[in-house]
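*Asks:* no sequence on hand, only this structure:
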Ligand code: PBG
């Protein structure tokens, strides 16, 4: 069955025909847009390493959420940067913290927009680690109740989905139990199940001022060389009660996304992280690549690899092109 009987070009001859036979469709509803919330009013502070992305005070985050919803995006994820950081990451589980207040404010004006709340201590600790420090170690078990407390605070404030990104062992079970006890048994958990220790988080740590003040995150985030371990993490989180699982970052881990997709029957999310975004922006600003084309190619590639949902800073740009 070869040439000249078969000519693959026949199905590529026009745009309507190409659309008919397209295997992967990207939709604005697949995209989750991250927003960085800070204290204050009227604050729109650009993040130098992430062109187009800002630190926003709650009033401005509401406007940004409105903008995202207007572009057809189904969900946003909130990251909070508190005015004060401390050793125990108090701002993360303070019911009057910046994220709970932002959740309330956004929910009030945009009840249909799905609000994902990232649960982690690193944006709130003065040492920048994702858990409590004991000696020189990030201590696992004493961190769990604080993560659970944060999850409940976000649930009470109106979060639709709880997304733990800390990579402590047992946190899904701890969070599930706390949510159930607080009568949030119907609130889903999107677990950052396979989160790698990655250099691609560099710009995010600028945005959240969450660079570890000593050591690094390799004691809790995964080794980039491992894929079987990702499957184990995913299986374990599902067993503990996760409703959806995430692979993070996306681009250097497309094989992991594919393997996870083949193993599970829950929705799979992928996080197209800050460094992945900034590289595209930087190359485009230099005129080296066409921003729109490269962005869409990357997003469709992540979806083709198996992601049902994509967390991406490109969300608004992409949604505008898709509509
Ligand atoms: C931790 C968290 C991080 C990101 C999302 N949640 C940073 C980290 O582990 O250092 C990174 C996201 C990105 O780079 O876009 N709360």
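*Replies:* Thanks, I have it. Quick caveat, the model's predicted, so the values are computed rather than measured.

*Asks:* ok, now which ones touch the residue nearest to residue 169 when sequence neighbours are not counted?
*Replies:* Leaving aside its chain neighbours, residue 169 sits nearest to residue 140 (5.6 Å; criterion: C-beta to C-beta, 6 or more residues apart in numbering). Any C-beta I mention is one placed from the backbone N, CA and C, and that applies to glycine too. Shown in contact with residue 140 (C-beta atoms under 8 Å, 6 or more residues apart in numbering): 131, 168-170, 220.

*Asks:* filter those by proximity to the ligand?
*Replies:* Here nothing survives when those are matched to the ligand using C-beta under 6 Å from any ligand atom.

*Asks:* most surrounded residue in these?
*Replies:* Among those, residue 131 has the most neighbours (other C-beta atoms under 10 Å), with 27 neighbours.

*Asks:* need the residues of the stretch 201-323 of the chain near the ligand, please.
*Replies:* 201, 204-205, 210, 273-274.

*Asks:* got those as TSV, with pLDDT and secondary structure columns?
*Replies:* Shown next, in TSV, are these (pLDDT from 0 to 100; DSSP: H, G, I helix; E, B strand; the rest coil):
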residue	pLDDT	secondary structure
201	96	helix
204	94	helix
205	90	helix
210	88	coil
273	98	coil
274	98	helix
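
*Asks:* returning to what we had before: would you mind checking which of the contacts of residue 140 is nearest to the ligand?
*Replies:* residue 220 (9.3 Å; C-beta to the nearest ligand atom).

*Asks:* ranges for the helices of the stretch 1-150 of the chain?
*Replies:* Using DSSP state H, counting those that start in this stretch, the helices found in the stretch 1-150 of the chain span residues 15-20, 58-70, 90-93, 98-109, 140-157.

*Asks:* what does the stretch 151-300 of the chain give?
*Replies:* 171-181, 202-207, 228-239, 254-263, 274-285, 291-305.

*Asks:* could I get those as TSV with mean neighbour count?
*Replies:* Output for the helices of the stretch 151-300 of the chain, formatted as TSV (neighbours: other C-beta atoms under 10 Å):
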stretch	mean neighbour count
helix 171-181	20
helix 202-207	21
helix 228-239	17
helix 254-263	19
helix 274-285	19
helix 291-305	18
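
*Asks:* which stretch in the ones you listed is the model least sure about?
*Replies:* When those are compared by mean pLDDT, helix 202-207 comes last with a mean of 92.

*Asks:* out of the helices of the stretch 1-150 of the chain, nearest to residue 291?
*Replies:* Nearest of those to residue 291, taken as C-beta to C-beta: helix 58-70 at 18.6 Å.

*Asks:* in the stretch 51-200 of the chain, what residue is nearest the ligand?
*Replies:* residue 120 (3.3 Å).

*Asks:* what about that residue, neighbour count?
*Replies:* Close neighbours of residue 120, defined as other C-beta under 10 Å, add up to 27.

*Asks:* was I right to think it contacts residue 130?
*Replies:* Yes: using C-beta atoms under 8 Å, residue 120 is in contact with residue 130, at 5.3 Å.

*Asks:* list the residues that contact both of the two?
*Replies:* Shared contacts of residue 120 and residue 130, defined by C-beta under 8 Å, 6+ apart, are found at 165-166.

*Asks:* what's the closest residue to residue 104 other than its chain neighbours in contact with, if anything?
*Replies:* Spatial nearest neighbour of residue 104, chain neighbours left out: residue 157 (5.1 Å); criterion: C-beta to C-beta, 6+ apart. Neighbouring residues of residue 157 by C-beta under 8 Å, 6+ apart: 95, 99-101, 103-104, 107, 117.

*Asks:* what pLDDT is listed against residue 75?
*Replies:* Value for residue 75, per-residue pLDDT: 98.

*Asks:* distance of the residue nearest to it when sequence neighbours are not counted relative to residue 127?
*Replies:* Leaving out its chain neighbours, the residue that sits closest to residue 75 by C-beta to C-beta, 6+ apart is residue 114, at 3.8 Å. With distances taken as C-beta to C-beta, to the nearest Å, residue 114 is found 32 Å from residue 127.
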